[in-house]
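**Student:** give the three-dimensional model of this entry:
(chains A and B)
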Protein chains: 2
Amino acid sequence: MTRWIAADWGTTALRLTLMEGETPLGTRESDDGMNRLTRDMFEPTLRRLAGDWLDGPARIVACGMVGARQGWIEAPYAPVPCSPPTDRAIRAPTGDPDLDVRIVPGLSQTNPHPDVMRGEETQIAGILRHRPEFDGTVCLPGTHTKWAHVSAGEIVSFRTVMTGEIFATLAGQSVLRHSLGGEGWSEAPFLDALSDAISRPETLTARLFELRAADLLLGQDTTTARSILSGLLIGAELAATKAWWLGREVVVTGSASTTPAYDAALRAQGLQPIVLPADAMTRAGLLAAREFS
Amino acid sequence: MTRWIAADWGTTALRLTLMEGETPLGTRESDDGMNRLTRDMFEPTLRRLAGDWLDGPARIVACGMVGARQGWIEAPYAPVPCSPPTDRAIRAPTGDPDLDVRIVPGLSQTNPHPDVMRGEETQIAGILRHRPEFDGTVCLPGTHTKWAHVSAGEIVSFRTVMTGEIFATLAGQSVLRHSLGGEGWSEAPFLDALSDAISRPETLTARLFELRAADLLLGQDTTTARSILSGLLIGAELAATKAWWLGREVVVTGSASTTPAYDAALRAQGLQPIVLPADAMTRAGLLAAREFS
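**Tutor:** Predicted coordinates:
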């Protein structure tokens, strides 16, 4: 196995990494996510971003929404419980036999509730490559945070919580946007709100407008308000997922912007989560798929 | 008291009703809400919509965001507990002494939590005009639903829950929009989701993504999904406001689009809410203010 390209191709972004075996040589990114591409645009989009990396025969291994029904080609969901489906990548149609593109399928679940993932299964494969004996819960924070039970090398079940997207829509689109500007984060109000939401989850939606009122009446600053909103929503998530983390070993694998809040939240519950970087886990999972294809 | 104009001037809309004493003669509406007007645009906007209603001396009584800091003139909040502040309307500056515009103040609260309202206090005044002896809870469903304790002619305290706006942002902006199109509503899945959210409010944010997954995996129809989302969010609201409605007499005053869901939700909890129409209650509250000004 020599050079190949690892592709993390999600809803809103494409990230390519040129690999020499297990070693990343360089990364190229664009915002050509699945949601702006029609089927016939995937191959030219890949060629444009990869450029000279595609001179001669090339092997690309991809994960994410590129394998959705609206993607390059549908890579049908693997139903849980199952091992990470990195051994079941399917080949995408290309106009050039020298361009070999494989797409890792996502996971589906029908019981105890319907759920799906695309992309995170590859991160779980990467985590298991680093820790083959891991038995516990994987928490993958993001726009849609995924919680997965992993045992004996299999994904047993999982649950999606839309915390990131709820935060973004409330902070960006609702009346709260006037009171939540900026980028700051403050741990004390975050932890207070987190604790309150875990112990009284029924108050969540009633507490949101307080952020607006506290700005109008008391001049509460926007960093405090953002931190409270984050604490309320992550607290609600931890209340909903208590069975997934209470008394378990937890790995947290997310971006640099989301992981610290989840790490702090779980530590406040007395856990000592293992934090592993998302980019490296995605590459490791794609490497596992590369070895099978 | 002869002719006058009742003005319901909110964030996104202006609604004028020509009144002969207590009798509405006609209504004119536009989408010239507060959020698209600068201070000097309020008078010309009123003149354009009212047209010939303003020939000769004219009296306008208004409520809503027109009295906010970003409105025509700030009508400072009246702090609760207090009677409806329809006896404390303030006069807006106009370029013509024959144009007499009065704005009813909103309400503020600092304990037990910060909260504000603008417009709903006038509806409460209208409710009390119809039922002067009412002692119980007023529920005013809308973009921001207000719950108010009313006793001995006073608003004792109140709480805002952003249910309508959360529904609109999730259904319109989030990934759920793909699974929630259309306008339909179905009572059975609404009541199931409502009951579930009231009894297990901690699962709220985790249940949202199920709506997407059930569409992808099971082809769940959009009307069912919309009804479930409405049931989950109103159920969360009822869980948060249980102290406001449990064992109390409740008046529900909202638009024709939001009131039936709240009426059904409260009936499912064993209540028999009194439903009073929002437009008529707003006019009755503005009439009370007219009599004082």
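**Student:** burial check on the residue in the stretch 1-150 of chain A positioned nearest to chain B, number of neighbours?
**Tutor:** Proximity of the stretch 1-150 of chain A to chain B (Cβ to the nearest Cβ) peaks at A:Pro114, 3.9 Å away. All C-beta spots, glycine's among them, are computed from the backbone N, C-alpha and C. If you count neighbours by other Cβ atoms under 10 Å in any protein chain shown, A:Pro114 ends up with 20.
**Student:** ignoring the adjacent residues along the chain, who's closest to it?
**Tutor:** Distances taken as Cβ to Cβ, 6 or more residues apart in numbering or on different chains put B:Ala213 closest to A:Pro114, at 3.9 Å, once the chain neighbours are dropped.
**Student:** same deal with A:Leu140?
**Tutor:** A:Lys146 (4.4 Å).
**Student:** quick one, what contacts the residue nearest to A:Pro114?
**Tutor:** A:108-109, A:113-116, A:160 (Cβ atoms under 8 Å, 6 or more residues apart in numbering or on different chains).
**Student:** let's see 7 Å
**Tutor:** A:114-116 (Cβ atoms under 7 Å, 6 or more residues apart in numbering or on different chains).
**Student:** please apply the same query to A:Pro76.
**Tutor:** A:Pro76 neighbours (Cβ under 7 Å, 6+ apart): A:Pro105.
**Student:** in three-state terms, label it for me.
**Tutor:** Counting by DSSP: H, G, I helix; E, B strand; the rest coil, the backbone at A:Pro76 sits in coil.
**Student:** all strands of the stretch 1-150 of chain A, in order?
**Tutor:** Secondary structure of the stretch 1-150 of chain A (DSSP state E, counting those that start in this stretch): strands at A:3-9, A:14-20, A:23-30, A:58-63, A:78-79, A:90-91, A:99-103, A:107-109, A:115-117, A:136-140, A:145-151.
**Student:** need the residues of the stretch 51-200 of chain A near chain B, please.
**Tutor:** Within the stretch 51-200 of chain A, the positions lying close to chain B (Cβ under 7 Å from any Cβ of the partner chain) are A:108, A:110, A:113-116, A:144, A:159-163, A:165-166, A:169-170, A:173-175.
**Student:** tell me which other helices or strands the longest helix along chain A touches.
**Tutor:** Longest helix in chain A by number of residues, with DSSP state H as the criterion: helix A:222-240. The contact analysis (3 or more Cβ pairs under 7 Å, 6 or more residues apart in numbering or on different chains; DSSP states H and E) places helix A:222-240 against helix A:163-173, helix A:187-199, helix A:204-218, helix A:259-268, helix B:204-218.
**Student:** what is the rounded mean pLDDT of stretch A:118-136?
**Tutor:** Mean per-residue pLDDT for stretch A:118-136: 97.
**Student:** meant to ask about stretch A:24-37, not that
**Tutor:** When pLDDT is averaged over stretch A:24-37, the result is 95.
**Student:** send me it as PDB with only the CA atoms.
**Tutor:** C-alpha atoms of stretch A:24-37 as PDB (Å, rounded to 0.1, in the frame of the first residue of the first chain):
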ATOM      1  CA  PRO A  24      -0.600  12.000   6.400                       C
ATOM      2  CA  LEU A  25       1.400  14.100   3.900                       C
ATOM      3  CA  GLY A  26      -1.000  17.000   3.400                       C
ATOM      4  CA  THR A  27      -4.600  18.200   3.500                       C
ATOM      5  CA  ARG A  28      -6.800  20.100   1.100                       C
ATOM      6  CA  GLU A  29     -10.300  21.400   2.100                       C
ATOM      7  CA  SER A  30     -13.300  23.100   0.500                       C
ATOM      8  CA  ASP A  31     -16.900  23.800   1.300                       C
ATOM      9  CA  ASP A  32     -18.100  21.500  -1.500                       C
ATOM     10  CA  GLY A  33     -20.300  19.500   0.800                       C
ATOM     11  CA  MET A  34     -22.900  17.000  -0.400                       C
ATOM     12  CA  ASN A  35     -25.700  19.500   0.000                       C
ATOM     13  CA  ARG A  36     -24.500  21.600  -2.900                       C
ATOM     14  CA  LEU A  37     -23.700  18.900  -5.300                       C
END
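**Student:** what's in contact with that stretch?
**Tutor:** Contacts of stretch A:24-37 (Cβ under 7 Å, 6+ apart): A:9-19, A:45, A:49-50, A:65-66, A:68, A:70-71, A:283.
**Student:** just stretch A:80-99 next, same as before
**Tutor:** Stretch A:80-99 is touched from outside by A:43, A:54, A:56-58, A:61, A:72-73, A:75, A:78, A:101-105, A:107, A:109, A:121-122, A:124-125, A:128, A:153-158, A:285, A:288-289, A:292-293, with contacts defined as Cβ under 7 Å, 6+ apart.
**Student:** and what of stretch A:281-293?
**Tutor:** Counting contacts by Cβ under 7 Å, 6+ apart, the residues outside stretch A:281-293 that touch it are A:1, A:4, A:6, A:8, A:17, A:22, A:24, A:61, A:63, A:84, A:86-87, A:89, A:102, A:104, A:122-123, A:125-127, A:129-130, A:253.
**Student:** wait, which of the strands of the stretch 1-150 of chain A is closest to B:Gly231?
**Tutor:** Proximity to B:Gly231 (Cβ to Cβ) singles out strand A:115-117 among those, at 19.4 Å.
**Student:** that closest one: partners in the sheet, and parallel or antiparallel?
**Tutor:** strand A:107-109 (antiparallel) (DSSP bridges).
**Student:** ok, for the residue lying farthest from the centre of chain A, nearest residue in space, not its chain neighbours?
**Tutor:** Residue farthest from the centre of chain A, counting by Cα atoms, centre = their mean, is A:Leu217 at 37.5 Å. Of all residues beyond its chain neighbours, the one nearest A:Leu217 is B:Pro114 (4.9 Å), with distances taken as Cβ to Cβ, 6+ apart.
**Student:** same check, this time on A:Gly254
**Tutor:** Distance criterion Cβ to Cβ, 6+ apart; nearest residue to A:Gly254, sequence neighbours excluded, is A:Pro141 at 3.6 Å.
**Student:** and that neighbour, how far from A:Leu233?
**Tutor:** According to Cβ to Cβ, to the nearest Å, A:Pro141 stands 11 Å off from A:Leu233.
**Student:** repeat for A:Arg36
**Tutor:** Counting by Cβ to Cβ, the separation of A:Arg36 from A:Leu233 is 28 Å.
**Student:** tell me which of the two has more neighbours.
**Tutor:** For A:Arg36 versus A:Leu233, neighbours defined as other Cβ under 10 Å are more numerous around A:Leu233 (24 against 11).
**Student:** ok, that one - contacts?
**Tutor:** Contacts of A:Leu233 by Cβ under 7 Å, 6+ apart are A:163, A:166-167, B:205.
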